[in-house]
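Enquirer: 3D, please:
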Amino acid sequence: MAKLSVNINKIATLRNARGGNNPDVVRAAIDCERFGAQGITVHPRPDERHIRYADVLALKKVVTTEFNIEGYPDDRYMKLIAEVLPAQATLVPDAPDAITSNAGWDTIKHAALLTDVVSELRRHGARVSIFVDPVPRMVEGAARCGADRVELYTEPYAHEFNVDKSIAVKPYIESSRVAHEAGMGVNAGHDLDLQNLNHLVRQLPYLDEVSIGHALIADALYLGLENTIQLYLRACVH
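Expert: Predicted coordinates for the structure are as follows:
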């Protein structure tokens, strides 16, 4: 099965909307792991509108599964990785004011930057994943930059899933094969949910991990967090 990493940004968004510490982000991460999640993902942004840098330091002390920190590789992000030493660092090309990720890296245009960043992150012991569109040449570019994995941006898949799921998944199958042939692992994330997740998992060869936040937390409002995580874990089975 593909591993499930739960992105807890939306839990922090809810906390920040009211102030105080309810819901408790650290407790939520512990519970996600207790309910079966195989990883915890966070994406701290410079304005700290959801996950705060202090949260990341606190989570370092309690996360016992795979800790994945996403972000744009500016100085603050690089210093955070050096301090926290997560299992995985996922590089995204987002501008500081982006609401959410909306495109993968151009690994050809930004090859020099990414090569230097990947080398530095690996010196800190992190497995490095580069967020890319499902385009084989971008996957190949990530391999040339030294990445350990790519994370395939799945919003286009989710958008097309209800139109024609076989066509929607086709570029992801090819990109996954290219990544595997280049010696990289494959992650996937963005807009995955209980309707479209299992088809992706069953169709993609070599899929290692999915990172899911918004849909999972939204489902948990109705179904409960423990039950929701169990449902997503079932959907991760090939």
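
Enquirer: What are the contacting residues of the one helix or strand Ile173 maps to?
Expert: Applying DSSP states H and E as the criterion places Ile173 in helix 165-181. Contacts to helix 165-181, defined as Cβ atoms under 8 Å, 6 or more residues apart in numbering, come from residues 132, 134-136, 139-140, 142-143, 149-150, 152, 154, 156-157, 159-161, 185-186, 188, 196, 199-200, 203-207. (C-beta placed from N, C-alpha, C; glycine too.)

Enquirer: try 6 Å
Expert: For helix 165-181, the surrounding residues in contact (Cβ atoms under 6 Å, 6 or more residues apart in numbering) are 134, 136, 139, 150, 152, 157, 160-161, 186, 199, 203-206.

Enquirer: quick one, phi/psi of Arg149?
Expert: phi -150, psi 160 (degrees, to the nearest 10).

Enquirer: Also Phe161?
Expert: Backbone torsions for Phe161, taken as degrees, to the nearest 10, come to phi -60, psi -40.

Enquirer: how much space between it and Val128?
Expert: Taking Cβ to Cβ, to the nearest Å as the measure, Phe161 falls 29 Å from Val128.

Enquirer: for Ala158, same thing?
Expert: 25 Å.

Enquirer: got it, and Ser211?
Expert: Ser211 is 15 Å from Val128, by Cβ to Cβ.

Enquirer: circling back to that earlier point, out of Phe161 and Val128, which sits in the busier spot?
Expert: Legend: neighbour count by other Cβ atoms under 10 Å for Phe161 and Val128, higher for Val128 (25 against 22).

Enquirer: list the contacts for the more buried one?
Expert: Contact partners of Val128, counting by Cβ under 6 Å, 6+ apart, are Ala89, Val118, Leu121, Arg122, Ala147, Asp148.

Enquirer: can you confirm the fourth one is in a strand?
Expert: Right, the one you point to is Arg122. No - for Arg122, which was evaluated using DSSP: H, G, I helix; E, B strand; the rest coil, the result is helix, with no strand membership.

Enquirer: tell me the pLDDT at it?
Expert: Arg122 carries a pLDDT value of 97.

Enquirer: same thing with the first one?
Expert: Looking at Ala89, its pLDDT reads 98.

Enquirer: Is it in a helix, a strand, or coil?
Expert: Once three-state DSSP is applied, Ala89 turns out strand.

Enquirer: partners of it in the sheet?
Expert: Ile69, Val128 (DSSP bridges).

Enquirer: Filter the contacts of helix 165-181 down to just the ones in strands.
Expert: Mapping the contacts of helix 165-181 onto strands (DSSP state E) picks out Val150, Leu152, Val186.

Enquirer: need the contact list for Arg127.
Expert: Gln88, Asp148.

Enquirer: that older thread, return the angle between stretch directions for the helix holding Ile173 and strand 149-153.
Expert: Helix 165-181 runs at 160 degrees relative to strand 149-153, counting by axes from the mean of the first three to the mean of the last three Cα atoms, to 10 degrees.

Enquirer: Might you report the residue contacts of the residue nearest the centre of the chain?
Expert: Centroid-nearest residue in the chain: Ser211, 4.2 Å away (criterion: Cα atoms, centre = their mean). Neighbouring residues of Ser211 by Cβ under 6 Å, 6+ apart: Ser5, Asn7, Thr41, Gly189.

Enquirer: Turn these into TSV, including distance to Ile217 and secondary structure.
Expert: Formatted as TSV, the contacts of Ser211 follow (distance: Cβ to Cβ, whole Å; DSSP: H, G, I helix; E, B strand; the rest coil):
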residue	distance to Ile217	secondary structure
Ser5	13	strand
Asn7	8	strand
Thr41	12	strand
Gly189	14	strand
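
Enquirer: Appreciated, that's everything.
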